[in-house]
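Q: Starting from these lines, generate the structure:
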Amino acid sequence: WRLKQSYNEAIPSSGAALAMESQFPNQAQTVAAGGALGRRTLLLLSLVLMVVGGAGGPLLTRIYFLHGGARVWLTSLLQTVGFPIVLLNLAASYLHRNKRGGSRRTLSISARGSVACVAIGVLSAINAYMYAYGSASLPVSTSSLLVSTQVAFTAVFAYLVVRQWFTPYSVNAVVLLVVGPVVLGLNSSGDRPAGVSNRRYYLGFFVTLGAAAVLGLSLPLIELTYLRMKRKITYTLVMEVQVILSVSASVFCTVAMLINKDFQAIPREAKAYELGETKYYVVLVANAVLWQLMNLGFVGVISCSSSLLAGIVFAMLLPVGQILPVLVLDEKFDGAKGVALALAIWGFVSYLYGEREQHKKRQQTMNPETGANEGLELPVTS
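A: This next block holds a predicted model:
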């Protein structure tokens, strides 16, 4: 759960899934999806969704702003409003549970858990707004590096909220991920997009760092919610949490848009959009779909494999987030970004290696006779 990518979110709802392995190591983490072949197929599909959504979501957000878009709350809504895609997956999970004669409860989540998820969903909406605000004035490559610092914030808040102790690896990751933004900040003059004032650039810079901090707080809060519910962690429960987070965040963003009169401005903005009115709506719809595909893929990877693999994929997406804007948007990639990228990857690798070692120790404790690193399985039914 401490390895959420960023974009986020984003997607803090996805962080709910990551909480399963760190706090419930004895839970199964492989979805029973028609045998080994079915699991491999689902894992491959989830990886594709995660990579496509994780790379395309931030890119389309920046494209929206580059060509005349200016509605920050609208782009915030796009990060969460694609939840109907998740609803389809949840419906399939319910059908599978009923066929196997699972729990008779309609919902796996408790009432208190639902209230907590609504509150965290509002926090997610604020996080989405801060990320969108930063995306309006920062290059994609810069914002992705800044959001990667959420790992450091998550480590700190995990200690404060759920007493997740620091390890030498997590301390090393925190230090490296703090140094990266400092390097970027010292080189702002060569990174500022044309037409963006120095004040607006730095404001976007620190607001994006704030988004990483809010995301870092959201993930331990989600884990705390699971702990307080005292329910068996199942795939259905994880999907319910994600839906509640997304719906509450979407409602909050929608209310903010109504207050800001964004809905009245959308038709005018579409007509004046540099790429044309039709492409304006294509960008919006594709953006919403890509963010939710990333969320769905993220949960799928954890369910079919482990949070460690999800963290590795996120670490791999970081350089992709640097290369794509250079190729598609002609963004600059200078020495400072190279140093910050190297530090971020080093921090991710350190953190992932530490998680791997901690996982081995947990398995040896659970299996003292063999020390076997048994596979984890997450049941679909509740």
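
Q: Could you look up the SS state of residue 232?
A: Assigned state for residue 232: coil (three-state reduction, DSSP: H, G, I helix; E, B strand; the rest coil).

Q: gap between it and residue 226?
A: 10 Å (CB to CB, to the nearest Å). Where C-beta positions appear, they are placed from N, C-alpha and C, glycine not excepted.

Q: of those two, who's got more company?
A: Neighbours were counted for residue 232 and for residue 226 using other CB atoms under 10 Å; residue 226 has more, 23 against 13.

Q: Look at that one and report its pLDDT.
A: What the model reports for residue 226 is a pLDDT of 82.

Q: if I look at it, how far off is residue 244?
A: According to CB to CB, residue 226 stands 13 Å off from residue 244.

Q: Which residue ranges of the stretch 201-350 of the chain form helices?
A: For the stretch 201-350 of the chain, the helices defined by DSSP state H, counting those that start in this stretch cover 235-260, 262-272, 277-304, 307-328, 335-366.

Q: Now render these as JSON lines, adding distance to residue 215 and mean pLDDT.
A: As requested, the helices of the stretch 201-350 of the chain are arranged in JSON lines below (distance: least, CB to CB, whole Å; pLDDT from 0 to 100):
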{"stretch": "helix 235-260", "distance to residue 215": "12", "mean pLDDT": "90"}
{"stretch": "helix 262-272", "distance to residue 215": "23", "mean pLDDT": "95"}
{"stretch": "helix 277-304", "distance to residue 215": "13", "mean pLDDT": "85"}
{"stretch": "helix 307-328", "distance to residue 215": "12", "mean pLDDT": "69"}
{"stretch": "helix 335-366", "distance to residue 215": "15", "mean pLDDT": "74"}
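
Q: remind me which residues of the stretch 101-250 of the chain are low pLDDT?
A: Applying pLDDT under 70 to the predicted model, the residue ranges of the stretch 101-250 of the chain that meet it are 101-105, 177, 181, 184-191.

Q: 90 instead?
A: Within the stretch 101-250 of the chain, the segments meeting pLDDT under 90 span 101-111, 113, 135-202, 205, 212, 215-243, 245-246.

Q: And what about residue 192, helix, strand or coil?
A: Secondary structure of residue 192, per three-state DSSP, is coil.

Q: was I right about it contacting residue 198?
A: Yes - taking CB atoms under 8 Å as the contact criterion, residue 192 and residue 198 are neighbours in contact, 6.9 Å apart.

Q: These two - which one has more neighbours?
A: Remark: of residue 192 and residue 198, residue 192 carries more neighbours, 21 against 10, as counted by other CB under 10 Å.

Q: Enumerate every residue touching that one.
A: Residue 192 makes contact with 198, 201, according to CB atoms under 8 Å, 6 or more residues apart in numbering.

Q: Go ahead and produce CSV holding the CA coordinates of stretch 94-110.
A: Extracted in CSV, the C-alpha atoms of stretch 94-110 (Å, rounded to 0.1, in the frame of the first residue of the first chain):
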residue,chain,number,x,y,z
TYR,A,94,-21.1,-10.3,-7.0
LEU,A,95,-22.3,-12.8,-9.6
HIS,A,96,-19.3,-15.0,-9.0
ARG,A,97,-19.9,-14.9,-5.3
ASN,A,98,-23.5,-15.8,-5.6
LYS,A,99,-22.8,-18.7,-7.9
ARG,A,100,-20.3,-20.1,-5.4
GLY,A,101,-22.8,-19.7,-2.5
GLY,A,102,-20.8,-17.0,-0.7
SER,A,103,-22.0,-14.5,1.9
ARG,A,104,-25.7,-13.6,1.9
ARG,A,105,-24.8,-10.0,2.8
THR,A,106,-25.5,-7.6,0.0
LEU,A,107,-22.5,-5.5,0.8
SER,A,108,-19.2,-6.7,2.3
ILE,A,109,-18.3,-3.3,3.8
SER,A,110,-19.6,-2.2,7.1
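
Q: Thanks a lot, catch you later.
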